[in-house]
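*Asks:* could you work out the structure for the sequence below:
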Amino acid sequence: MIDPVTRLRMADDFMRRLAAALRGAQLYAPGHPLVQRAFDGLNESLTGLLAELPSVAIGIIGQEIVVGDTPLPRAAESMGEMIRRLKSLGIERIVFDRGVTPDELATLALTIAHPERRPGQDGPGVEAADPLAVLAGLKHIRVGRIEVGGVVEKSAADVATIRRLYADASAVAGSVWEMAKTEGTPDPKAARALVDSLAQAVSANRTALIALTALKNYDNYTFTHMVNVSILTMSQARALGIEGTMLRELGLAALMHDIGKVRTPTEILNKPDKLTDSEFAIMRMHVVDGAEILRRTPEMPAIAPVIAFEHHLRLDGTGYPFGVSRAGLNLGTMLCSIADVYDAMRSQRSYQQAFPSDRILEVMKRNDGQQFDQHLVRRFTQLLGIFPPGNLVRLDTGALAVVLAVHAPDPSKPRVRIIGLSTRDRLDAPYDVNLWETPTDGAGPKAVMASLDPAEFGVDPLIYL
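*Replies:* Reported below is the predicted structural model:
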């Protein structure tokens, strides 16, 4: 498996060759040697990527380009003309599947370069052709648009990309943690690259990414928790309208919120039983240690040490560090705290059973808003739902279903895909139901009764999203 740095280099090379092929096709006749050379280079670069991946997806979000799960830095500076040309044709996404041929690549480049040309012509055509119709005929290349909150054209490759991104993110979080433990400070460049990738995915396919945060490897709780809190914090921030640099700074701060635990003795950090008072006093020091580490780390946003220091404080003055008084908490702190508590409570560890989402959200609403800002908790509930996307659930009819989407006006009634009429069978043709639309006096399911453990039923919910 190629490492993230090599993947970034290969993705950048591929996009530059695609831009060169489009420029050549615009300037010269299709049979010109320079055009053929550019097409050959594009094919060679794509072949290298597809040797490692079943498909390669290009997404254009604003003025940014992401290849697979890899955002390209400063793409707008060197590829702005290509971005404008693709957007003018209504193309925001291109997927290359394994098996793509040189002829298909040439058709793609020539059609984008000269959308008025009909296939087989050597020059611009007199009568305009529909470029999207031409491209729709390519067997191994798919084009589409991207909507806010999700991609219009989805496939198994999208979910595979999100899975790979999540696995890579957890691995990078582990290396960032280990560097902080051995060198005294984390690697800011690796952390920023990781958050850039997560931020792109939050923008492009938030539903699948949030679903993955619930399907984690508990053996790596520390690292998956870092990634999950970053994803959930950025998802909340984006729902509040926060974008760009600020979104990434919040994601980076959330990723680093627990970094002070690198100084916590391992026997306390991994103790399977309840901590003693003296051990808990040592554990509480991680907020102070984290703030100090992040203040000394170059290229770390100013908000990062603030969130590390404050993320266990509560609005009513409880929490820790003890004796710290705040007239109010930073918005980033409150978003990160909600994500931190939610992910910690739903995680099964040696000393704690996982709690279902409805119980966690009820805990966060208690005390009449004294601990958490109830407006933000309500927004969080509308974002994830009582039963978040990707959850395997049992309906009131006994049917087995996967939650597809949240209905914000009533988060307890999501859109679901019914995959079995009971927990023991599977349907050959699953079908969707909007629970908020089902009449109370009619037939069919009306409510979710309980979340289920997918491992118990041999179901991978992500394949149904």
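*Asks:* those helices in the stretch 1-150 of the chain, which residues are they?
*Replies:* Assigned by DSSP state H, counting those that start in this stretch, the stretch 1-150 of the chain shows helices spanning 4-27, 33-50, 75-88, 102-113, 131-136.
*Asks:* quick one: buried residues of the last one?
*Replies:* Translated: helix 131-136. By neighbour count on 16 or more other Cβ atoms under 10 Å, the buried set for helix 131-136 is 131, 134-135. All C-beta atoms are positioned from the backbone trio N, CA, C, and that covers glycine.
*Asks:* am I right that residue 161 sits in a helix?
*Replies:* Yes - under DSSP: H, G, I helix; E, B strand; the rest coil, residue 161 falls within a helix.
*Asks:* test my guess that it contacts residue 57.
*Replies:* Yes - when contacts are counted by Cβ atoms under 8 Å, residue 161 is listed as touching residue 57 (6.2 Å).
*Asks:* one step back: possible to save the buried residues of helix 131-136 as CSV with distance to residue 429 and pLDDT?
*Replies:* As requested, these are arranged in CSV below (distance: Cβ to Cβ, whole Å; pLDDT from 0 to 100):
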residue, distance to residue 429, pLDDT
131, 34, 79
134, 33, 84
135, 30, 86
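*Asks:* out of those residues, the closest to residue 47 would be?
*Replies:* Nearest to residue 47 among these is residue 135, at 20.2 Å by Cβ to Cβ.
*Asks:* which ones are touching that closest one?
*Replies:* Contacts for residue 135 were tallied using Cβ atoms under 8 Å, 6 or more residues apart in numbering; they are 91, 107-108, 111, 141, 143.
*Asks:* cool, and residue 199?
*Replies:* Contact analysis of residue 199 by Cβ under 8 Å, 6+ apart lists 71, 234, 247-248, 251.
*Asks:* and the gap between it and residue 239?
*Replies:* 14 Å (Cβ to Cβ, to the nearest Å).
*Asks:* what of residue 383?
*Replies:* Remark: distance between residue 383 and residue 239 (Cβ to Cβ) = 5 Å.
*Asks:* between the buried residues of helix 131-136, which is nearest residue 366?
*Replies:* When those are compared for distance to residue 366 (Cβ to Cβ), residue 135 wins out at 54.3 Å.
*Asks:* now do the contacts for residue 80.
*Replies:* Contacts for residue 80 were tallied using Cβ under 8 Å, 6+ apart; they are residue 63.
*Asks:* how near is it to residue 64?
*Replies:* Computed with Cβ to Cβ, the distance linking residue 80 and residue 64 is 11 Å.
*Asks:* what's the answer for residue 371, then?
*Replies:* With distances defined as Cβ to Cβ, the gap from residue 371 to residue 64 amounts to 37 Å.
*Asks:* same check on residue 229?
*Replies:* Residue 229 sits 24 Å away from residue 64 when distances are taken as Cβ to Cβ.
*Asks:* compare those two (neighbour count), which wins?
*Replies:* residue 229 (29 against 19; other Cβ atoms under 10 Å).
*Asks:* which helix or which strand is home to that one?
*Replies:* Under the criterion DSSP states H and E, the helix or strand holding residue 229 is helix 221-239.
*Asks:* immediately after that helix, which helix or strand?
*Replies:* Toward the C-terminal end, the helix or strand that comes next after helix 221-239 (DSSP H and E) is helix 244-255.
*Asks:* after that next one comes which helix or strand?
*Replies:* Where DSSP H and E defines the elements, the next helix or strand beyond helix 244-255 is helix 266-269.
*Asks:* pull the contacting residues for residue 421.
*Replies:* Applying Cβ under 8 Å, 6+ apart to residue 421 gives the contacts 397-400, 427.
*Asks:* show me which of these is closest to residue 339.
*Replies:* Nearest to residue 339 among the contacts of residue 421 is residue 400, at 28.8 Å by Cβ to Cβ.
*Asks:* apart from its neighbours in sequence, what residue is nearest the closest one?
*Replies:* residue 420 (3.8 Å; Cβ to Cβ, 6 or more residues apart in numbering).
*Asks:* surely that neighbour is in contact with residue 431?
*Replies:* No - at 11.3 Å, residue 420 does not count as touching residue 431 under the criterion of Cβ under 8 Å.
*Asks:* these two: who's more crowded?
*Replies:* With other Cβ under 10 Å as the criterion, residue 420 and residue 431 differ in neighbour count, and residue 420 comes out ahead with 17 against 10.
*Asks:* looking at the contacts of residue 199, spot the one nearest residue 410.
*Replies:* Distance to residue 410, by Cβ to Cβ, is smallest for residue 234 among the contacts of residue 199, at 25.0 Å.
*Asks:* residue 292 - how many residues pack around it?
*Replies:* 15.
*Asks:* ok, it - contacts?
*Replies:* Applying Cβ under 8 Å, 6+ apart, the residues near residue 292 are 260, 305.
*Asks:* and residue 295, how far is that from residue 259?
*Replies:* Computed as Cβ to Cβ, the residue 295 to residue 259 distance reads 11 Å.
*Asks:* below-threshold pLDDT in the protein: ranges please.
*Replies:* Along the chain, the parts satisfying pLDDT under 70 run over 1-5, 62, 68-70, 73-77, 116-129, 146-159, 215-219, 348-353, 367-369.
*Asks:* got the phi and psi for the residue nearest to residue 400?
*Replies:* Per-residue torsions, residue 420: phi -160, psi 140 (degrees, to the nearest 10).
*Asks:* if I look at it, how far off is residue 395?
*Replies:* On the measure of Cβ to Cβ, residue 420 and residue 395 end up 10 Å apart.
*Asks:* go ahead and confirm residue 198 touches residue 229.
*Replies:* No - under the criterion of Cβ under 8 Å, residue 198 lies out of contact with residue 229, with a separation of 11.0 Å.
*Asks:* and residue 304, how many neighbours?
*Replies:* Residues lying near residue 304 (other Cβ under 10 Å) number 27.
*Asks:* ok, now residue 11?
*Replies:* Residues contacting residue 11 under the criterion other Cβ under 10 Å number 22.
*Asks:* do the same with residue 71
*Replies:* Per other Cβ under 10 Å, the neighbour tally for residue 71 reads 22.
*Asks:* next: residue 239.
*Replies:* A total of 17 residues lie near residue 239 under the criterion other Cβ under 10 Å.
*Asks:* what do you get for residue 385?
*Replies:* 26.
*Asks:* how about it: what's its closest non-neighbour residue?
*Replies:* residue 406 (3.6 Å).
*Asks:* for the one you found, grab phi and psi.
*Replies:* With angles defined as degrees, to the nearest 10, residue 406 shows backbone torsions of phi -90, psi 140.
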